[in-house]
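Undergrad: my questions are about this predicted structure, shown below with the sequence.
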Amino acid sequence: MKRLLKGGHVVDPVHGIDGVADILIEGGLVAGVGPNLEAGGDVQVVNVPAGFVVCPGFVDMHVHLRDPGQEHKETVATGAAAAAAGGFTAVACMPNTDPVNDDASVTRAILEKAAAAGLVRVYPIGAVSKGMKGEQLAEIADLRAAGCVAISDDGRPVPTAILMRRALEYAGMFDLPVIDHCEEPSLKGEGVVHEGYVASVLGLRGIPAAAEAVMVDRDIALAEMTGSAVHIAHLSTRQALRSVRAAKARGARVTCEVAPHHFTLTDERLTGPVEYDTNLKMNPPLRERVDVDALLQGLQDGTVDAIATDHAPHQADEKHVEFDRAPFGIIGLETAVPLTLDRLFHPGVITMRRLVQLLSVNPARILNVTGGTLRPGRPADITILAPEVSQTVDLSRSRSRSRNSPFNGWTLKGAVAATIVGGRTIYVNDQVAGAANLAGDVAVA
Ligand SMILES: [Zn+2]
């Protein structure tokens, strides 16, 4: 069965399209893109409502699916459902599960669960070190052969420069990026929030911006020395951004991502309306206004390559403890795209073309996975947006198994209308007028 998506505003920077066009889908692949494509006899025509934007599928290169080991927080299936509802056609999941994904058998088990869920593409990220202990390198060749697309000890930094050097050298032979959670452990200490005025006022221990900057500088130096690619996870400070900008100008193989909470919130939020809200505790912590302004600049000028959620589910009882004891992290799969539209696109910080680069083109390129363009012959992974539709975040409707988000009740302008993977509609947003048109063969409603 062929499907023809008719009349949407297609934005595909790689393919050079930014205008009204039709997309013909056949056998799960894009068969054609262009104005007024002919619908033959056996074609299911799907009319895309006026004002909707049709993009190459979004790729979230940083999620924690908690499966295996902490399925009460999230499973591959519930995480995949949340990703679909958030407009993502693919996610890359971090290895800090239990057991750690430092072994091909764990990688294969994750891929089997993802296939059984049958929703978004799931790309496992293998561990840098065995057990993520920061001592011995994991079997990187085996992990890659089993399907890992990158290596990372995220949740923790790669603790020593020599291990990071070896990881870059070894992963570089397979052209796998090393993704680092940049935070110098001795500077982080027992910190729980950004070190600064707000931490002092609230009497909470701080994590200095330099903890990130020191590690980013180390990793850039090692990437330049080895010639391998390093990707900085959840970059949050102006100092680190400055280092990445300078390194890129020198031609270093460094890329970075920013999480929506870091371009939306500052640590001021910790002072109210809800004081000591543990849904504002994440690692790296919320920073200061000057940092947020620097991130906005980096998102605009291309220093920042990707927007990634760092989706980190925790159950309510785990977060419902005193601030110092609560785990770090918030969920983000279903709020990332609305926050990006509301906070970056509508105020004019970024164009729609840049938005597609940040959410699709660049993460697909960094991970070297399919996607990032609707060029004919490629899998029909498509995200459809309703940029003018406002929606209020309602966590009770979340597909995630966890609810730890500071954005409940926020009204954001810009919604995901539908998500299509391999030509099959896996999500339609029943809150968006006209989105039902996009259904076809819906697997999750
Ligand atoms: Zn991290």
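TA: Alright, I've got the coordinates.

Undergrad: show me what contacts residue 315?
TA: For residue 315, the residues meeting the contact criterion (Cβ atoms under 8 Å, 6 or more residues apart in numbering) are 72, 73, 401, 402, 404. All C-beta spots, glycine's among them, are computed from the backbone N, C-alpha and C.

Undergrad: now the residues you listed in CSV, please, with extra columns for neighbour count, secondary structure and distance to the ion.
TA: Listed next are the contacts of residue 315 as CSV, based on neighbours: other Cβ atoms under 10 Å; DSSP: H, G, I helix; E, B strand; the rest coil; distance: Cβ to the ion, whole Å:
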residue, neighbour count, secondary structure, distance to the ion
72, 14, coil, 21
73, 24, coil, 16
401, 21, coil, 20
402, 25, coil, 17
404, 26, coil, 16
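
Undergrad: just give me the closest of those to residue 244.
TA: In terms of Cβ to Cβ, no member of the contacts of residue 315 lies closer to residue 244 than residue 404, at 28.6 Å.

Undergrad: so who does that closest one touch?
TA: Contact partners of residue 404, counting by Cβ under 8 Å, 6+ apart, are 278, 279, 312, 313, 314, 315, 316, 319, 329, 330, 331.

Undergrad: same question, residue 88
TA: For residue 88, the contact set (Cβ under 8 Å, 6+ apart) comprises 57, 58, 59, 60, 120, 333, 383, 419.

Undergrad: burial of the fifth one, as a residue count?
TA: Put plainly, it is residue 120. Other residues within reach of residue 120, judged by other Cβ atoms under 10 Å, total 28.

Undergrad: I figured residue 116 hits residue 75, correct?
TA: No - under the criterion of Cβ atoms under 8 Å, residue 116 is not in contact with residue 75, lying 10.5 Å apart.

Undergrad: list buried residues within the contacts of residue 404.
TA: Neighbour-count burial within those applies to 278, 279, 312, 313, 314, 315, 319, 329, 330, 331; the criterion is 16 or more other Cβ atoms under 10 Å.

Undergrad: of the residues you listed, which belong to helices?
TA: residue 319 (DSSP state H).

Undergrad: need the buried ones among the contacts of residue 404 in JSON lines with distance to residue 294, can you?
TA: Below are those laid out as JSON lines (distance: Cβ to Cβ, whole Å):
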{"residue": "278", "distance to residue 294": "26"}
{"residue": "279", "distance to residue 294": "24"}
{"residue": "312", "distance to residue 294": "23"}
{"residue": "313", "distance to residue 294": "29"}
{"residue": "314", "distance to residue 294": "29"}
{"residue": "315", "distance to residue 294": "34"}
{"residue": "319", "distance to residue 294": "29"}
{"residue": "329", "distance to residue 294": "23"}
{"residue": "330", "distance to residue 294": "21"}
{"residue": "331", "distance to residue 294": "25"}
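
Undergrad: between the buried ones among the contacts of residue 404, which sits nearest residue 32?
TA: Top of the list for closeness to residue 32, among those and by Cβ to Cβ, is residue 331 at 37.4 Å.

Undergrad: does the closest one really touch residue 82, like I thought?
TA: Yes - shown here, residue 331 and residue 82 form a contact pair, counting by Cβ under 8 Å, at 7.4 Å.

Undergrad: identify the contacts common to these two.
TA: Counting by Cβ under 8 Å, 6+ apart, the common neighbours of residue 331 and residue 82 are 311, 398, 400.

Undergrad: let's see if you can find the most crowded of these.
TA: Counting neighbours by other Cβ under 10 Å, residue 311 leads the shared contacts of residue 331 and residue 82 with 32 neighbours.

Undergrad: show me the contacts for that one.
TA: Residues touching residue 311, when contacts are defined by Cβ under 8 Å, 6+ apart, comprise 60, 62, 63, 64, 79, 82, 91, 331, 332, 333, 400.
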